[in-house]
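>>> need a structure here:
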Amino acid sequence: MKSLLTLTLCVLGCTLGGCSSLWQDHYTGAPIGRFESVEDTRVREVPWQRIDDALYEIDINRASSDIHFDDWSDEQKLEEQATLLRGLQISEDPRDVIMLGRSSFHTTDRVSAHDDSLHEFASSLGADYAIWSSEYIGKTDKVIDQPVYEHGYQWNSYRTQSGKYQHRYEPWHRTVYVPVVVQADEFAWLVYYIRLKDDPREFE
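Model prediction:
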C-alpha cells in the first residue's frame with residue numbers, strides 16, 4: 001500500500017472532540033466552517049486500490065512540482081481534487097464539491113460501516129456522501145485481558161456466640177485478569193466526507 005498513511009488533501013485542521021465512535025475519534029477536517037446536519041447522507045464503499053492509486057498519483061504530482069502546493073493555482077488544485085474524486089467514484093464537477101475531511105485509522109477491533117455510527121457521524125458533519133474503504137493489512141500484536149481462575153484452601157477463624165474461636169479449613173477461589181499478548185487481524189479504514197456546493201442548506 002503505497003500511500004496508506006499519507007494525507008494528500010489540504011484537509012488538515014481542527015479535529016472534532018469526543019469519543020462517540022472511531023469515525024469521530026480519527027476525523028481530520030478542513031477549516032471551512034460547520035454545516036447543518038443532514039438526514040440523507042449516502043454511505044458508499046469503493047475498492048481500496050482505487051483510492052490508493054489516486055493518493056499515490058497525487059503524491060507523485062506534488063513531489064514532482066517545483067511549486068509548493070500552497071502556491072498552486074486554483075486550476076491546479078481542482079485538477080488534484082478531480083484525481084481524488086475519480087478514485088472515490090464521485091462524478092460531480094470538482095468545483096461543485098466540498099471536501100469536508102476524512103477519518104483514517106488502523107484497528108484490530110471489529111468495525112462495521114453498515115451500522116448507524118458512520119451514517120450518524122457523517123450526517124452530523126453535513127456530508128452528502130461518506131465514501132469508505134477498508135483493507136486487511138496483516139497480523140499484529142494485541143494485548144488482551146485473559147481470565148485466570150485461582151483456588152486453594154486456607155484456615156479461617158470465627159468467634160462463636162459463646163465467645164470462643166473456631167478454626168475451619170475452607171476453600172477459596174477468585175478470578176484475576178492477566179494481560180496477554182496475542183496475534184490479531186488488523187484492518188486499515190479510510191472514509192472521505194463530501195458535501196455538494198449546490199446544496200441549498202446554509203452554514204450554521
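>>> Would you mind measuring from the nearest residue to Asp109 once chain neighbours are set aside to Thr108?
Excluding its sequence neighbours, the residue lying closest to Asp109 (Cβ to Cβ, 6 or more residues apart in numbering) is Leu22, at 7.5 Å. From N, CA and C alone the C-beta is placed, and that goes for glycine too. Distance, Leu22 to Thr108, using Cβ to Cβ, to the nearest Å: 12 Å.
>>> is it true that the residue nearest to Asp109 touches Ser103?
Yes - assessed by Cβ atoms under 8 Å, Leu22 is found in contact with Ser103 at 7.3 Å.
>>> Could you pull up the residues touching His148?
Actually, residue 148 is Val. It isn't His. 175-178 (Cβ atoms under 8 Å, 6 or more residues apart in numbering).
>>> Could you dump those into CSV with neighbour count and pLDDT added?
Shown next, in CSV, are those (neighbours: other Cβ atoms under 10 Å; pLDDT from 0 to 100):
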residue, neighbour count, pLDDT
Thr175, 9, 89
Val176, 10, 85
Tyr177, 10, 84
Val178, 9, 83
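>>> What distance do you get for the residue of the chain positioned farthest from its centre to Asn156?
Ranked by distance from the centre of the chain (Cα atoms, centre = their mean), the top residue is Ser162, with 66.4 Å. As judged by Cβ to Cβ, Ser162 and Asn156 stand 18 Å apart.
>>> Which SSE is immediately downstream of the biggest helix by length in the chain?
Ranked by residue count and defined by DSSP state H, the top helix of the chain is helix 48-64. The C-terminal neighbour of helix 48-64 among helices and strands, as given by DSSP states H and E, is helix 74-87.
>>> Remind me what that following helix packs against, helices and strands.
Secondary-structure packing of helix 74-87 (3 or more Cβ pairs under 8 Å, 6 or more residues apart in numbering; DSSP states H and E): helix 48-64, strand 97-107.
>>> which of those is buried the deepest?
Among the helices and strands packed on helix 74-87, strand 97-107 has the highest mean neighbour count (mean count of other Cβ atoms under 10 Å), at a mean of 20.
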